[in-house]
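**Student:** whatever this is, show me its structure:
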Amino acid sequence: MERDIWERVYFKESYEKGQPFLFYVLFGTNNVSEVEVSKEKHNIDEMPDELDIVNYNKLKNEDEKNYIERLYDENLGTLLKEKSKILYEKVINCNNITVVKGEFDDTNSLNYLKNTIGIIQAIIETNIIAILDLQIMEWLEPEEWSKKYFEPKAPISHDHVKIFWSENKNDIWLHTRGMRKFGRPDLSIRKITSEKKELGIEIINRFIQAYAYGFLPDETKEIKTKGMDEGVYGKILGNYDDLDFNNYYFEIDNL
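**Tutor:** Have a look, this model is predicted:
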């Protein structure tokens, strides 16, 4: 029998500190009543019971207005302006948004992700303005989102996670956001020299792939690969309130 491409081939028992969690915000959803979701066209198996789809309107009341405006306030608004001032103006001037979010059971399948992607694609086809992937703090225009997430018919785990780095005089801090989509901790490596930055990114990418397909963090297992003088270990730290990750994270020892 052919293997399901959305199967988590390395899946083990659930990671005790979390379950897969998705959170997307769609701006300019004026025609959500016209959404038609097709199993064949949108590549879905079902409408997940865990998925909440909630509409908000600035004109409805002050609470909903404030909720919407906070989504492009401060850092997220700056990121949107840097991406496109035209898109920023469109976003801040629209009244309607739709939040698509849900927490799912940690299983041996990524079908929850596939189904959510298909549902968002169906909403996109009603001619919306923009999508905010809140987990990785990324703004996308509808065509970008479709090309990146919907058109590939197999999961591309690295596209759902973002690697950030902060640089100071002496070293670099590498860390991810988005691993909570797979119910796994994010990744962090501090105090990397510029010469080892690419090695750090390579190690993080390996963990992204392994975790997305079901591996669990292991504090007892040595991490070693080509280019490392000696093996290192990692430790699970943090919580969902940590602003750098909004997640637990696996802190890997200095390389």
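**Student:** going along the chain, name the strands of the stretch 51-200 of the chain.
**Tutor:** All strands of the stretch 51-200 of the chain, identified by DSSP state E, counting those that start in this stretch, fall at 51-57, 96-103, 130-133, 138-140, 162-167, 172-177, 186-192.
**Student:** and the last one, how far from the chain's centre?
**Tutor:** Spelled out, it's strand 186-192. Counting by CA atoms, centre = their mean, to the nearest Å, strand 186-192 is centred 18 Å from the centre of its parent chain.
**Student:** list the pairing partners of that strand within its sheet, with orientation.
**Tutor:** strand 172-177 (antiparallel), strand 247-252 (parallel) (DSSP bridges).
**Student:** which residues touch the last one?
**Tutor:** Applying CB atoms under 8 Å, 6 or more residues apart in numbering, the set of residues contacting strand 247-252 from outside is 17-18, 175-177, 179-180, 185-190, 203, 207, 217, 223, 232-240, 242. Where you see a C-beta, it was placed from the backbone N, CA and C, and this is true even at glycine.
**Student:** just name the most buried of the strands paired with strand 186-192.
**Tutor:** For the strands paired with strand 186-192, the largest average neighbour count (mean count of other CB atoms under 10 Å) is found in strand 247-252, namely a mean of 23.
**Student:** quick revisit: any chance of JSON lines for the strands of the stretch 51-200 of the chain, columns distance to residue 33?
**Tutor:** Formatted as JSON lines, the strands of the stretch 51-200 of the chain follow (distance: least, CB to CB, whole Å):
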{"stretch": "strand 51-57", "distance to residue 33": "10"}
{"stretch": "strand 96-103", "distance to residue 33": "11"}
{"stretch": "strand 130-133", "distance to residue 33": "19"}
{"stretch": "strand 138-140", "distance to residue 33": "23"}
{"stretch": "strand 162-167", "distance to residue 33": "33"}
{"stretch": "strand 172-177", "distance to residue 33": "33"}
{"stretch": "strand 186-192", "distance to residue 33": "37"}
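**Student:** out of those, nearest to residue 25?
**Tutor:** Counting by CB to CB, residue 25 lies closest to strand 130-133 out of these; the figure is 4.3 Å.
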